[in-house]
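Chemist: Got a predicted structure here, sequence first:
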Amino acid sequence: MQVIAVDDATLTGVPLMTDGATASVLRTPDAVIVDDGGSSGKLDTPSERADQWPRGRPHLDVPMRPLATGDELLINDTRVRIAGRSMALPRFPPRPLLFTTFSTAGRILLPERRRLTFVLVTAAPGVDPRALATRIETATALRARSSVDFKADTVRWMVTNSEDVGDAVTMLTIAMLVGFGVTGVMMFMFTNENLKYYAVLNAMGATARQIVGMVFVQAAICALLGAGLGLGLCAIAGRMFTLYNFPFRLMWFAPVAGGAAVVLVSIGAAALSMRPVLKMQPASFLAGR
Amino acid sequence: MATPSNSTGRPPQTAIRCVGVTKTYGEGNAAVQALRGVDLEIRAGELLLLEGPSGCGKTTLISVLAGLMHRDGGNCSVLDHDYEQMSPGETTLFRGQNIGFVFQAFNLIPALTAAENAATPLLIRGLKRKAAVDQAGAVLKELGFDDRMMRSLPADLSGGQQQRVAIARAMVHRPRLIVCDEPTSALDRESGHQVMELLRRFALDQDRVLVVVTHDERIFKFADRIARMEDGRITRIENPPARAPEASRKPPAQS
Ligand SMILES: Nc1ncnc2c1ncn2[C@@H]1O[C@H](COP(=O)(O)OP(=O)(O)OP(=O)(O)O)[C@@H](O)[C@H]1O
Ligand SMILES: [Mg+2]
């Protein structure tokens, strides 16, 4: 479990809360906010009051529910009270997360040499966060980051240090290559099979441009069908995921990037199959050879 | 000579004139001289049969006449045009406007119906689909097709019917020159006769020319003249064996 303690005076850093509640619920004694993002399913309590500590027996298999306002938790022999629920984005990897004030945290957590991990600062209106961060760095010799830079640092760290990103990139690359190979070979075979008919059309007066157009229209139809099927399946899968409460988000750039990849692959495949079409000799098909 | 131009009293015009046309495939040791100086004159309104042993250069010659292939030497004027003076694009357009093809292996497009196949030259020209298919349907009707057959795919038609679609396709845009490479070799005697009769009846008039390559002696009688080719040259031009000049232009019994 992770505890994030916010400044007692400003309460800066508490995410948006459910039911329109505000961070000021932390001003009551021993109050904590439980965050849904990483806690649901991990930090639950028995549904039946009778099963709950301390009256009931030890409970492992009883029906559970998420923690709610009014529930109590025992943390390191200190009893805290859930004063509300916040809605940060699910974290990766997910871990139960509580928010409380710095003074409450000082009481419920075990003594450590360094208790302050980071300080969250809200810039006054009109102050550029990045300039402020630079000022803090020069004044304190401690690292300071605006939230935009911090996000970018985090993403960069994940890209360089996490294998997941590499795995995903490898997978996508393989998918692209296989897609290109399969569609390319199929387009090539299909066009070659129909070379005779392109030659017949050319003999009857179809210009090179018309024939190239035909091959590209064919590629475009394949691409449209493929992209439609792919996006459709993706949407269905996403819908299923969310129905069963798995986190899933389709960001705007995923279909766009997918579409761009499909266009690239199809243009490549069409261009590959274009060569024999442009080099064909209509005369050699005349006698039916 | 029993050309239709005689009956109108107009002097027959020369539609195609070739002098010393040569064509060689390949280079060096592998070179094959397919045409060794072809001299040929074809009048408008004429059906010329081209026959000769296999490999003597018949297909090569009609490919040159139809603008599908460059000649190496000699002169050749087809409907007052010389392909060597034209760009490839101009030649392609000229083919689309003025030349019809009947191929030995039908070469119909399998995914299109009979009527759509017959309409392809019109579609290539940019005619609207419906107009083109209607026009092709009218031609097919003259060739004895009913509505059901017009909507059939080539695979569902007999060889004779497929070749009739090919003939409709060759003449739907009223080209002035139609070249046919062995149009009857895949057909039985009866269908072969029908095909030749249809070609004569519908594709030939005083402004048009038909050049038909064949091995098939059974259709010699449909020709106005027969050119014999040997080893890349035209060695003899003769009249067909005892053809009653107007006999083949009577409508076939069935229609
Ligand atoms: N694309 C080619 N490359 C090389 N040689 C060729 C090619 N096409 C034809 N030839 C050769 O040129 C000669 C004439 O060929 P062509 O096809 O004109 O003969 P043909 O009279 O039509 O024969 P057939 O009656 O068998 O159809 C033949 O010797 C043939 O082998
Ligand atoms: Mg031939």
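Modeler: In hand now; what should we look at? Ligands and ions are numbered 1, 2, ... in the order given.
Chemist: Tell me the spacing between whichever residue of the stretch 51-200 of chain B sits closest to chain A and A:Q210.
Modeler: Per CB to the nearest CB, B:G96 is where the stretch 51-200 of chain B lies closest to chain A, at 1.8 Å. In this view, the C-beta of every residue, glycine as well, is placed from N, C-alpha and C. B:G96 sits at a distance of 10 Å from A:Q210 (criterion: CB to CB, to the nearest Å).
Chemist: show me where chain A has helices.
Modeler: Secondary structure of chain A, counting by DSSP state H: helices at A:36-39, A:102-108, A:129-140, A:147-161, A:163-193, A:195-203, A:208-243, A:253-279.
Chemist: neighbouring contacts of the second one?
Modeler: In other words, helix A:102-108. A:3, A:5-8, A:26, A:29-32, A:75-76, A:78, A:80, A:100, A:115 (CB atoms under 8 Å, 6 or more residues apart in numbering or on different chains).
Chemist: Try it again at 10 Å.
Modeler: A:3-9, A:26, A:28-32, A:73-80, A:98-101, A:115-116 (CB atoms under 10 Å, 6 or more residues apart in numbering or on different chains).
Chemist: can you tell me which of those residues are up against ligand 1?
Modeler: Taking CB under 6 Å from any ligand atom as the test, ligand 1 is in contact with none of the contacts of helix A:102-108.
Chemist: can you tell me which of the residues you listed are in strands?
Modeler: Among those, the ones falling in strands (DSSP state E) are A:3-6, A:31-32, A:73-75, A:78-80, A:98-101.
Chemist: Of the residues you listed, grab the buried ones for PyMOL.
Modeler: Of the ones in strands among the contacts of helix A:102-108, the buried ones go into a single PyMOL selection, burial set by 16 or more other CB atoms under 10 Å in any protein chain shown:
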select buried, chain A and resi 3+4+5+6+31+32+73+75+80+98+99+100+101
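Chemist: Quick check: buried residues in the worst-scoring helix or strand of chain A on mean pLDDT?
Modeler: Within chain A, no helix or strand scores below helix A:36-39, which has a mean of 78 by mean pLDDT, DSSP states H and E. Within helix A:36-39, the residues scored as buried using 16+ other CB under 10 Å are A:36-39.
Chemist: and the residues you listed as CSV, adding distance to ligand 2?
Modeler: CSV is the format used below for those (distance: CB to the ion, whole Å):
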residue, distance to ligand 2
A:D36, 80
A:G37, 78
A:G38, 79
A:S39, 83
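Chemist: Pull the most distant pair out of the residues you listed.
Modeler: Distances among those were taken as CB to CB; the most separated pair is A:D36 and A:G38, at 8.1 Å.
Chemist: Give the bridge partners for the residue sitting nearest the centre point of chain B, please.
Modeler: Centroid check for chain B by CA atoms, centre = their mean gives B:V179 as the closest residue, at 2.2 Å. As for beta bridges, B:V179 partners with B:F101, B:V211 under DSSP bridges.
Chemist: Would you tell me which residues of the stretch 101-250 of chain A are close to chain B?
Modeler: Residues of the stretch 101-250 of chain A lying near chain B by CB under 10 Å from any CB of the partner chain: A:194, A:196-211.
Chemist: Filter these down to the buried ones.
Modeler: A:194, A:196-207, A:210-211.
Chemist: which one of those is nearest ligand 1?
Modeler: A:A199 (13.0 Å; CB to the nearest ligand atom).
Chemist: thought the closest one was touching A:A208?
Modeler: No - using CB atoms under 10 Å, A:A199 is not in contact with A:A208; the gap is 11.7 Å.
Chemist: between these two, what contacts are shared?
Modeler: Counting by CB under 10 Å, 6+ apart, the residues touching both A:A199 and A:A208 are A:V277.
Chemist: How many neighbouring residues does B:R228 have?
Modeler: As a burial measure, B:R228 scores 16 neighbours (other CB atoms under 10 Å in any protein chain shown).
Chemist: Nearest residue to it in space, ignoring adjacent ones along the chain?
Modeler: Ranked by CB to CB, 6 or more residues apart in numbering or on different chains and with sequence neighbours excluded, the top spatial neighbour of B:R228 is B:R236, at 4.3 Å.
Chemist: now that neighbour, what's its secondary structure?
Modeler: strand (DSSP: H, G, I helix; E, B strand; the rest coil).
Chemist: Count residues in the vicinity of it, would you?
Modeler: Per other CB under 10 Å, the neighbour tally for B:R236 reads 11.
Chemist: so how far is B:M229 from it?
Modeler: 9 Å.
Chemist: Next: A:R209.
Modeler: A:R209 is 36 Å from B:M229, where distance means CB to CB.
Chemist: returning to that earlier point: need the residues touching each of B:R236 and B:M229.
Modeler: B:G52.
Chemist: and chain B, which of its residues are near ligand 2?
Modeler: Counting by CB under 5 Å from the ion, the residues of chain B close to ligand 2 are B:T59.
Chemist: hey, where'd the helices end up in chain B?
Modeler: For chain B, applying DSSP H gives helices covering B:4-8, B:58-65, B:88-98, B:114-124, B:129-142, B:147-150, B:159-171, B:189-203.
Chemist: Please name whichever of those helices is nearest to B:L210.
Modeler: Proximity to B:L210 (CB to CB) singles out helix B:189-203 among the helices of chain B, at 6.0 Å.
Chemist: So what angle separates the directions of the closest one and helix B:159-171?
Modeler: Compare the direction of helix B:189-203 with that of helix B:159-171 by axes from the mean of the first three to the mean of the last three CA atoms, to 10 degrees and you get 20 degrees.
Chemist: In helix B:189-203, which residues are buried?
Modeler: B:191-201, B:203.
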